[in-house]
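Colleague: I would like to see how this sequence folds:
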Amino acid sequence: RIWQKPMALHGLVVTAGHPFRILDASDEWLSLWRHTRDSFTFLGQIVGEATCQRTAELLRTTLQEGKTAAFRMLTYTRDGTLILADVEARPCAQEAGDERRATLRFVPDARPVHLTPPTPADT
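Modeller: Next comes the predicted model:
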């Protein structure tokens, strides 16, 4: 593992630029999002149709610009189950020549997510 310190519960380490490769994931995160180290290779795997595209863009921009941000995001598990989570993105300290990376800490909401199609009155 490239991570030198204990990982936060539900944590990831990702590259800070496209395609946002997964460098490390906590065992707890992998278990809850139903992935294995081999199956989870890019951050885009947890983004889907129900994910707010503005939030996904905020995440990408935050990582690319090396900033810190916190937001709520609807994510997908490996089998397509939705998980609403509070997400905190932070840049990692970097040594000369190292690829820029960031940590992502996820605090999942314990309530199940159920989406219903909009009614004509909602549109």
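
Colleague: Tell me which stretches of this structure form strands.
Modeller: Assigned by DSSP state E, the chain shows strands spanning 11-15, 22-25, 69-76, 82-91, 101-108.

Colleague: Residue ranges in this structure under the pLDDT threshold?
Modeller: The chain contains residues with pLDDT under 70 at 1-9, 116-123.

Colleague: List just the one of the strands of the chain that sits closest to residue 63.
Modeller: Residue 63 lies closest to strand 101-108 among those, at 5.1 Å (C-beta to C-beta). From N, CA and C alone the C-beta is placed, and that goes for glycine too.

Colleague: List the contacts of stretch 50-64.
Modeller: For stretch 50-64, the external contacting residues (C-beta atoms under 8 Å, 6 or more residues apart in numbering) are 14, 16-18, 20, 43, 47, 67-69, 71-76, 82, 87, 89, 102, 115.

Colleague: hmm, which of the residues you listed are the buried ones?
Modeller: With burial judged by 16 or more other C-beta atoms under 10 Å, the buried subset of the contacts of stretch 50-64 is 14, 16, 20, 43, 47, 73, 74, 75, 76, 87, 89, 102.

Colleague: Okay then, goodbye and thanks.
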